[in-house]
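Undergrad: all I have is the shape, not the residue letters:
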């Protein structure tokens, strides 16, 4: 029996809390209109243009909170709710993604490292399920070793992601205020939206690290037998 199963609990609890927190915070402020009346797409376009990134398109994509900046295609993608929305939540999320474009423009080192880690992390994320399944059915410690490597890569990626996301949020708030897209009295609401989103990345890191520790302890326990 796996005596280290309890290590998964902190990550799972924090992950669920982070998702609930993000959902509730977003739902609250998506109903609060921004005083400037700008949509998320317009806010992102303003930030990009003021930074000289006129060639970076702002596209509408389907889904809920599917917003992201694609550094390979150099395009900013916003979910319909945030692309068209004129709420504090919409401009906050849009500005955050624009913050990633600003990072890319200045060759922000943590972003460059995260981009470099994407291919191997994607492979590790896809492979780890099969590694765990084969290890369980074949009862082989070789698969535990492979799981350790995979989750070490995933943990590193999540650790690098944190400064990237926090810095993008910092840039977002600064640009929104500097350009007058939001007013000082709206800054607190923007901060709450961005902080709730950041918590999901903290949860992902903790979950990855705890899973890594789980497999390390299994390997250590086996070596002692």
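TA: It's in. Keep in mind that what you see is a predicted model, and the values were worked out from it rather than measured. Numbers count the residues shown, from 1 in each chain.
Undergrad: ok, residue 68 - contacts?
TA: 77, 97 (C-beta atoms under 8 Å, 6 or more residues apart in numbering). In short, each C-beta sits where N, CA and C put it, glycine included.
Undergrad: roughly how far does it sit from residue 94?
TA: Shown here: residue 68 relative to residue 94, a distance of 11 Å by C-beta to C-beta, to the nearest Å.
Undergrad: can you check residue 23 too?
TA: 18 Å.
Undergrad: go on, residue 6?
TA: With C-beta to C-beta as the criterion, residue 6 and residue 94 are 40 Å apart.
Undergrad: what's the answer for residue 67, then?
TA: 7 Å.
Undergrad: kindly report the same for residue 115.
TA: In terms of C-beta to C-beta, residue 115 sits 21 Å off from residue 94.
Undergrad: so for those two, which residue has more residues nearby?
TA: residue 94 (31 against 14; other C-beta atoms under 10 Å).
Undergrad: can you name every helix or strand that the helix or strand encompassing residue 217 contacts?
TA: Taking DSSP states H and E as the criterion, the element that holds residue 217 is helix 187-224. Secondary-structure packing of helix 187-224 (3 or more C-beta pairs under 8 Å, 6 or more residues apart in numbering; DSSP states H and E): helix 8-29, helix 88-105, helix 141-178.
Undergrad: those helices into a markdown table, with extra columns for distance to residue 46 and mean pLDDT?
TA: Supplementary listing: those in a markdown table, determined by distance: least, C-beta to C-beta, whole Å; pLDDT from 0 to 100:
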| stretch | distance to residue 46 | mean pLDDT |
| --- | --- | --- |
| helix 8-29 | 19 | 91 |
| helix 88-105 | 9 | 97 |
| helix 141-178 | 8 | 93 |
